[in-house]
Each structure stands twice: as structure tokens, then as C-alpha cells.
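Enquirer: sequence plus the predicted model coming up.
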Amino acid sequence: MTTTPVVRLERREEFAVLTLDRQEALNALSFAIIEEIAAALDQVARTGDGGGGARALIVTGAGPKAFCAGADIKELPVGRGLEAKRRMRRGQQVFALLDALPIPSVAVINGFAFGWRITAATSITLRWRWRRHRGGACS
């Protein structure tokens, strides 16, 4: 059985495009997806130096409903105390990688954005909202 990757990293001309594709959960972030994002950002950092790599990273969500619904609430009760703190810290470390990229990053917000918008505000260089999107938190 072949599964479609939830985090896709593709090259489109001069850009690296990271797409969250978990449409059935409005692209919510599980702990496993956060690790997939870390691997993708590591790959962009290694190849995106402006030399032979991408000139910018574009981050978007698949589907018309959501850019990212934030944390997967099904996983939030899992782990209390030190384990929960470790997982939160890991998420913060992964999103700090966006800020450390050697190239600019652009969030193409194509639907609802919850939770992620706070991280994006401090980590992503530029946020762009599709005009057709109405409602939700996108700034």
C-alpha cells in the first residue's frame, strides 16, 4: 500500500514549495508531521543557499479549506508534564528552522489558519492571503 506524503517538498523553477496535505484534518499538525516538516526544512537549508538551490521557500496548505488548522487536538492530551513540555519545545525548535533559513520564506495562506499564524508571524518572512478566502485568522 502506497501512502501519499503529508508534507511534500517540491522544486518549481527557482522556488522550493512545502505543501501540507492532510486535507481531511484541515492540514492539522501532528507530532509526526512536525518531524516531516523538520526534515523538509533541513533539506531546504542544505540546498537553498542562493547558489544552486532555491531562491525562496513557499509554504502552503493543500485543498481549498485550510492553510493549517494548527496542532492536531487529538494528540494534545497525549503526554502530560515533562513529555508534553518536550513535545512543545520540539515544535518550537522546528519552526525556528524557518527563521534560520538562508533564503526568504513565503506563506501562501489559502484557507483557515489557526495556531500556525502566530508561529508564521515570527518565523516566515512574508505572508500572503488568497483574496478569495473569507473568515478565519490569517494574519
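Expert: Everything's here; your move. Numbering: from 1, shown residues only.
Enquirer: drop to CA atoms for contacts and neighbour counts, all remaining ones
Expert: Noted.
Enquirer: give me the number of residues near residue 35?
Expert: When neighbours are defined as other Cα atoms under 10 Å, residue 35 has 16 of them.
Enquirer: how about the helices in the protein?
Expert: Taking DSSP state H as the test, the helices found in the chain are 31-47, 82-100, 116-123.
Enquirer: reformat those helices into TSV and put distance to residue 17 and mean pLDDT next to each item.
Expert: Formatted as TSV, the helices of the chain follow (distance: least, Cα to Cα, whole Å; pLDDT from 0 to 100):
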stretch	distance to residue 17	mean pLDDT
helix 31-47	10	92
helix 82-100	13	85
helix 116-123	16	64
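Enquirer: for these, give me JSON lines that also has distance to residue 9.
Expert: Converted to JSON lines, the helices of the chain look like this (distance: least, Cα to Cα, whole Å):
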{"stretch": "helix 31-47", "distance to residue 9": "6"}
{"stretch": "helix 82-100", "distance to residue 9": "14"}
{"stretch": "helix 116-123", "distance to residue 9": "18"}
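Enquirer: ok, which of these comes nearest residue 66?
Expert: Nearest to residue 66, of all the helices of the chain, is helix 116-123, at 11.1 Å by Cα to Cα.
Enquirer: quick revisit: so which of the helices of the chain comes closest to residue 74?
Expert: Closest among the helices of the chain, using Cα to Cα: helix 31-47, at 10.7 Å.
Enquirer: list the buried residues for that closest one?
Expert: Across helix 31-47, burial judged by 16 or more other Cα atoms under 10 Å covers 31, 33-38, 40-42, 44-45, 47.
Enquirer: which helices and strands sit right next to it?
Expert: Applying 3 or more Cα pairs under 8 Å, 6 or more residues apart in numbering; DSSP states H and E, one finds that helix 31-47 makes contact with strand 7-12, helix 82-100.
Enquirer: okay, angle between that helix and helix 82-100 too, please.
Expert: Here helix 31-47 runs at 30 degrees with respect to helix 82-100, directions being taken by axes from the mean of the first three to the mean of the last three Cα atoms, to 10 degrees.
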